[in-house]
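1. Coordinates for the following, if possible.
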Amino acid sequence: MFGKARLKLTAWYLLIIMLISIGFSTVIYKVLTAELNRFSHLQGLQIERRLSGQEFMSPESRFRNTPPRILTDPELVEETKQRLIFFLVIINGGILVVSSGLGYFLAGKTLKPIKNMVDEQNQFISDASHELKTPLTSLKAALEVHLRDKRLTLADAKKLIKENIEEVDKLQSLSEGLLRLASYQKPNNSSKFEKVSLASIIKKSIQKVKPQATKKKITLKDKSQNFELEADQYALTDLLVILLDNAIKYSPKEKSVTIASEKTDGSILISVSDYGIGINEKDLPHIFDRFWRADFARSKDRAVGYGLGLSIAKKIVESHHGKISVESTPGKGSVFTVRLPVKHKTL
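-> Next comes the predicted model:
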């Protein structure tokens, strides 16, 4: 699809360039031929004046006082015009060849962001369909099996309903994650940037993840300082909740998770560190990809979530024109660091 679109766009570039080039060539030809005719006419007048002074008149002409003959060469003028047309055709041919290559290159550059966006959307739809299909298939299979069971008891029915509610909760969590990711992926999202207190946002984020931390007896340590920055407070709260939730999720019981902050070079650094299972080096380049989970996260006792959290976190950071990075050692823990500008840059 994009191959044909690139060729069509190149053709439009060529059409516009050649129309401009031919237009200029026509103007140049008319101006130069007009100047050539004027020069020929002036040259003829100059020769006439000289001949009228009898500088080049024969004795017979001087004797008979006959009018002089003008010494001009129309064939030379016509040949010059033909050569001018030839050179203009050559120049336009060169422009056509060069602009074909440049037009094709520029068409590729122009369509590349659109192609990337369409590819990303197609991948998003494909991944979302795959992730939605699994719980739906599980729900359907369980219902069909129990529906055919003539000896189904009330206790079995209640158990089935409970299991189905769990699958519905997973679907709800997935759909909410997809909606959040889609909202942050919009080129001009509805984020409201204003001056916010980092301490207040960190406090809200800690309160939201405290039940999970309490359940695993994990201590949340707040070593942050209070800074003011221009940000979307709701998106920033989402970001910190995602990082804190991940740190709690992949940390053993009775460990600690620390959130800290510092200000440097017009930016604020926020770090979330844990003493959890860590991330393998081969997995680090993929952790911010949609629906991606490391092998250890796919095990039955850790099969929580759909691998959307860090993708959403990255989109939030990018919407604030910041950067997110991670350092991790398997078996020792991970440190996620977010760098955000103090003042929001409007593009």
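
2. So Ile324 belongs to a helix, correct?
-> No: in this structure, Ile324 is strand, not part of a helix, as judged by DSSP: H, G, I helix; E, B strand; the rest coil.

3. Now it: closest residue in space that isn't a chain neighbour?
-> Among residues not flanking Ile324 along the chain, Val317 sits closest, at 4.5 Å (CB to CB, 6 or more residues apart in numbering). Where you see a C-beta, it was placed from the backbone N, CA and C, and this is true even at glycine.

4. what about the one you found, which SS state?
-> Using three-state DSSP, the structure places Val317 in helix.

5. what does Val335 give?
-> Relying on three-state DSSP, one would call Val335 strand.

6. OK, contacts around it?
-> 271-273, 326-328 (CB atoms under 8 Å, 6 or more residues apart in numbering).

7. Make sure Glu254 is actually in contact with Ile218.
-> Yes: with contact defined as CB atoms under 8 Å, Glu254 reaches Ile218; the gap is 7.1 Å.

8. The two: which is more packed in?
-> The residue with more neighbours, out of Glu254 and Ile218, is Ile218; 23 against 9, by other CB atoms under 10 Å.

9. mind checking how far the more buried one is from Arg83?
-> Ile218 is 87 Å from Arg83, where distance means CB to CB, to the nearest Å.

10. Run through the residues that contact the closest residue in space to Pro330 that isn't next to it in sequence.
-> Excluding the flanking residues, the one nearest Pro330 by CB to CB, 6+ apart is Gly278, at 4.1 Å. Shown in contact with Gly278 (CB under 8 Å, 6+ apart): 328-334.

11. quick one: secondary structure of Gly278?
-> Gly278 - assigned by three-state DSSP - is coil.

12. picking that back up, out of the contacts of Val335, which is most surrounded?
-> Val272 (23 neighbours).

13. pretty sure that one contacts Phe336?
-> Yes: with contact defined as CB under 8 Å, Val272 reaches Phe336; the gap is 4.9 Å.

14. Please identify every residue contacting each of the two.
-> With CB under 8 Å, 6+ apart as the test, Val272 and Phe336 both reach 243, 247.

15. Can you list the buried residues in stretch 196-207?
-> 196, 198, 201-202, 205-206 (16 or more other CB atoms under 10 Å).

16. Show me how this protein divides into domains.
-> Following automatic domain parsing, one finds the domains of the chain at 2-119, 194-341.

17. what would those look like in CSV with distance to Asp169 and mean pLDDT?
-> Shown next, in CSV, are those (distance: least, CB to CB, whole Å; pLDDT from 0 to 100):
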stretch, distance to Asp169, mean pLDDT
domain 2-119, 32, 77
domain 194-341, 11, 86
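
18. Report the beta-bridge partners for Glu230.
-> Lys195 (DSSP bridges).

19. My reading is that Phe268 lies in a strand. Confirm?
-> For residue 268 the amino acid is Ile, not Phe. Yes: with three-state DSSP as the criterion, Ile268 is located in a strand.

20. just checking, it touches Lys343?
-> No: Ile268 is beyond contact range of Lys343, at 10.7 Å (criterion: CB under 8 Å).

21. Among those two, which residue is more densely surrounded?
-> Ile268 (21 against 13).

22. what's the more buried one in contact with, if anything?
-> Contacts of Ile268 (CB under 8 Å, 6+ apart): 198, 227, 229, 261-262, 339-342.

23. Among those residues, which one has the most neighbours?
-> Counting by other CB under 10 Å, top hit in the contacts of Ile268: Leu340 with 24 neighbours.

24. can you map out the helices along the stretch 101-250 of the chain?
-> 154-185, 198-215, 233-249 (DSSP state H, counting those that start in this stretch).

25. Return the most buried member of these.
-> helix 233-249 (a mean of 22; mean count of other CB atoms under 10 Å).

26. Mind giving me the packing neighbours of it?
-> Applying 3 or more CB pairs under 8 Å, 6 or more residues apart in numbering; DSSP states H and E, one finds that helix 233-249 contacts strand 194-197, helix 198-215, strand 256-264, strand 267-274, helix 309-319, strand 333-341.

27. quick one: that helix to strand 267-274, angle?
-> 30 degrees (axes from the mean of the first three to the mean of the last three CA atoms, to 10 degrees).

28. Could you number the chain from 27 rather than 1 from now on?
-> Shifting the count to begin at 27 puts that one at helix 259-275.

29. and the gap between Asp271 and Gln251?
-> According to CB to CB, Asp271 and Gln251 sit 23 Å apart.

30. go on, Leu200?
-> 36 Å.

31. Next: Ile294.
-> 9 Å.

32. Give the intersection of the neighbour lists for these two.
-> 224, 287-288.

33. Would you format these as CSV with distance to Asp182 included?
-> Putting these into CSV (distance: CB to CB, whole Å) gives the following:
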residue, distance to Asp182
Leu224, 52
Ser287, 53
Glu288, 57
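
34. Closest one of these to Thr263?
-> Nearest to Thr263 among the shared contacts of Ile294 and Gln251 is Leu224, at 10.8 Å by CB to CB.

35. residues touching the closest one, list them.
-> 250-255, 287, 294, 296.

36. repeat for Lys234
-> With CB under 8 Å, 6+ apart, Lys234 has these contacts: 263, 267.

37. And Leu186, by the same measure?
-> 168-169, 172.

38. What of Ile117?
-> Residues near Ile117 by CB under 8 Å, 6+ apart: Ser51.
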